[in-house]
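S.K.: Have a look at this prediction, sequence included:
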Amino acid sequence: MKILYVKANPKENKDSASSTVAERFIENYKKQNPSDTIDTIDLYKENWPHLGVKDLNDYKNENGALKTISKKFASYDKYIFSAPMWNLAIPSILKAYFDFVVVSGVTFKYTKYGIPLGLLKNKKAICIIARGGSYDYWPMSLFGHDKKYLKIVLKFMGIKNIEFLTIENINKDINNYKQIIEKANVKAKKIALKF
C-alpha cells in the first residue's frame, strides 16, 4: 500500500498538536503495516504555491503541473492530512494544495449530464485536526468549516471512507494541553490499528 501524508502546519512537530498526533498515528500505523510506504508532503517546508496563470493555461497539458500533481495524488491508496483550524477553516496552503489535486479527468469527471463523479474509489483518508476551542457540537459546529470542507472535497474526488481525529480546546484549556494530546494519541493508536 502507498500512503500520502500531507502536513499543513508551519510549526515544528513538538510545537504543533496536529503534527504531534499525526506522527504518533504514523508510528503506530508503521508497526501494523511495515511493508507499506508513506510519503510526506510538508506544504510549508515546500512553500506550496497557489494556482497561477501558467498552471491554469497548462490545464489540458498532460505534462503540466495540474495533471502531474493530481495523477501522483491519485496513485496513493490512503491519505493522512494534519492541519490546525485557523479562523474557522483549514490553512490556505492546504486549500492551495487541493487546487492542484482536484482536476477533471484525473480525480473526478463530469458525466454527460454535467454531474461531477469522483474517480478515487476504494481509498481511505484520515484528517487529524487541532482546534483552539470546541466546534464539534451545535451551535459552534455552525462555524467550524475545516471538517466540512475536507469531507466535501474528499468525497467530491470519490474518497468516501474518511475518519476524523479532532483535537479540541488546545487554547481554551491550555493547562490541560498535555492530557489533551495524550488522549488524542490513544485515539490515534486505535484508529491506526484499522486504517
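M.R.: Now that the structure is in, tell me what you want to look at. Numbers count the residues shown, from 1 in each chain.
S.K.: Which secondary structure element is home to the closest residue to residue 151 other than its chain neighbours?
M.R.: Nearest non-adjacent residue to residue 151, counting by Cβ to Cβ, 6 or more residues apart in numbering: residue 162, 6.1 Å away. Using the backbone N, CA and C atoms, a C-beta is placed for each residue, glycine as well. Element membership of residue 162 [criterion: DSSP states H and E] is strand 161-167.
S.K.: ok, residues contacting the helix or strand just after that strand?
M.R.: Per DSSP H and E, strand 161-167 leads on to helix 177-194 as the next helix or strand towards the C-terminus. Helix 177-194 has contacts (Cβ atoms under 8 Å, 6 or more residues apart in numbering) with 17, 20-22, 24-26, 28-29, 31-32, 126, 128, 163, 165, 167-170, 173.
S.K.: Now, of the residues you listed, which are buried?
M.R.: Neighbour counting over the contacts of helix 177-194 (16 or more other Cβ atoms under 10 Å) leaves 17, 20-22, 24-26, 28-29, 126, 128, 165, 167-170 as the buried ones.
S.K.: Mind telling me the two of the residues you listed farthest from one another?
M.R.: Using Cβ to Cβ, these span at most 25.5 Å, a distance reached by 29 and 169.
S.K.: Contacts for the strand holding residue 162 next, please.
M.R.: Residues lying outside strand 161-167 but in contact with it, judged by Cβ under 8 Å, 6+ apart, are 17-18, 21, 25, 123-131, 136, 147, 150-151, 154-155, 180-181, 184, 187-188, 191, 195.
S.K.: CA atoms of it as CSV?
M.R.: As requested, C-alpha coordinates have been extracted for strand 161-167 and formatted as CSV (Å, rounded to 0.1, in the frame of the first residue of the first chain):
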residue,chain,number,x,y,z
ASN,A,161,-14.0,6.3,3.8
ILE,A,162,-13.0,9.3,5.8
GLU,A,163,-12.1,9.4,9.5
PHE,A,164,-11.6,12.5,11.6
LEU,A,165,-9.4,12.7,14.7
THR,A,166,-10.2,16.1,16.2
ILE,A,167,-8.1,17.6,19.0
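S.K.: where exactly do the helices run in the protein?
M.R.: 17-32, 53-57, 65-74, 92-101, 145-156, 177-194 (DSSP state H).
S.K.: Confidence-wise, which of these is weakest overall?
M.R.: Sorting those by mean pLDDT places helix 53-57 lowest, at a mean of 89.
S.K.: elements contacting that helix?
M.R.: Secondary structure elements in contact with helix 53-57, counted by 3 or more Cβ pairs under 8 Å, 6 or more residues apart in numbering; DSSP states H and E, are helix 65-74.
S.K.: which residues does residue 31 contact?
M.R.: Listed by Cβ under 8 Å, 6+ apart, the contact partners of residue 31 are residue 192.
S.K.: Just want the most central residue of the chain.
M.R.: What sits nearest the mean C-alpha location of the chain, by Cα atoms, centre = their mean, is residue 81, with 2.7 Å.
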